[in-house]
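Q: Sequence and predicted structure, then a few things I'm wondering about:
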Amino acid sequence: MPLFLTQEDVAFFKENGYVKFRLFSPKEMDRICKEYDELFQRKLNPGMEAAWRGDEMKKAANAKDTSDYSVQSVHNLQMHSAVFTEILTDERLLDALQDVMGTQNIALHHTKAHNKPPKKGAPYLMHQDYLYFPYKNDSMVAVFLNIDDSDRENGGLCVYPGSHKLGVLKDHGVFEDGQEYHWADPAKYPIEGATPIIAKRGEVVIFSYLLLHGSYVNNSDRTRRMFLAQIMAADDEQLEKKHVSPAQGLMLRGYNPRRDATMEKRFHH
Ligand SMILES: O=C(O)CCC(=O)C(=O)O
């Protein structure tokens, strides 16, 4: 029997590559939101701009220049404020993760937050997260916490259900300003052809890192805030040494059968 989700939820995840469910109460969300906004206020600086680059992204945003759209981002939020560590160790969330991942040995990869402003919120073309941090057993899932009600109008998430079964798709991304940006062929997988995820504040979407997902432009007068954690099975194996983040490998539940315990490697990531 699943620990937190229903059997239907687990079957839906297997078939579609994602599942949505309520996790946090309005009172819990008030606390998370307060800390989230204070963190963005404390850190507000131009270095937080994370809008994706590339001509195809500009086209999706209906913009002439990347400065015409925006998304503010903070990474590794658990290093900034304990509220985000508490989210990662929430027993209900870990039960839900165990339900879909099929292991109790659950480790952190990294976290981030995207704050999409009203009117000029950046779109994200459809992509698989695999290309940013490939692992051997594809155990990686994203936990996408909706801080605001979100939908097609305010830049919400959208997915191609079942696309996690397609394997790794051809990359159409770009490398600009020292950063890699990945996406799948926009002619074949346009944002307009995706299924919108209509989510309430406090609802979570867990999805496979092979699922094609993206998000809409925010042309509305509402902000779209989210918090995202990438989570992996502790025994999965990194295929390329990239996207190494603070607290990567932190055990959230169970144990790590692969972790080296020699003195020699004690300072290694
Ligand atoms: O902020 C968003 O809506 C998109 C996030 C996303 O797709 C990602 O970070 O992989």
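A: The structure has been received and is ready for your questions.

Q: ok, how many other residues are close to residue 177?
A: The number of residues packed near residue 177 is 7, by other CB atoms under 10 Å. Backbone N, C-alpha and C define where each C-beta goes, glycine included.

Q: Quick check: it touching residue 53?
A: Yes: the pair residue 177 / residue 53 is scored as a contact, 6.9 Å apart, by CB atoms under 8 Å.

Q: Give the closest residue to residue 156 in space, chain neighbours not counted.
A: Closest residue to residue 156 apart from its sequence neighbours, by CB to CB, 6 or more residues apart in numbering: residue 150 at 3.6 Å.

Q: was I right about that neighbour contacting residue 226?
A: Yes: between residue 150 and residue 226 there is a contact at 7.5 Å, judged by CB under 8 Å.

Q: And these two? Which one has more around it.
A: A count of neighbours by other CB under 10 Å puts residue 150 above the other of residue 150 and residue 226, at 29 against 22.

Q: got the contact list for that one?
A: With contact taken as CB atoms under 8 Å, 6 or more residues apart in numbering, residue 150 is in contact with 156-157, 197-199, 224, 226.

Q: same question, residue 73
A: Contacts of residue 73 by CB under 8 Å, 6+ apart are 48-50, 112-115.

Q: And the residue of the stretch 1-150 of the chain closest to the ligand?
A: At 3.6 Å from the ligand, residue 114 is the closest residue in the stretch 1-150 of the chain, using CB to the nearest ligand atom.

Q: and if you look at the chain?
A: Closest approach between the chain and the ligand, counting by CB to the nearest ligand atom: residue 215, at 3.1 Å.

Q: State the pLDDT value of that residue.
A: At residue 215, the model reports a pLDDT of 97.

Q: just to revisit the earlier point, what's the overlap in contacts for residue 150 and residue 226?
A: In contact with both residue 150 and residue 226: residue 157, using CB under 8 Å, 6+ apart.

Q: Adding neighbour count, pLDDT and distance to residue 124, write the contacts of residue 73 out as TSV.
A: Formatted as TSV, the contacts of residue 73 follow (neighbours: other CB atoms under 10 Å; pLDDT from 0 to 100; distance: CB to CB, whole Å):
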residue	neighbour count	pLDDT	distance to residue 124
48	16	86	16
49	13	83	14
50	17	82	10
112	17	98	12
113	24	98	14
114	22	97	9
115	23	95	14
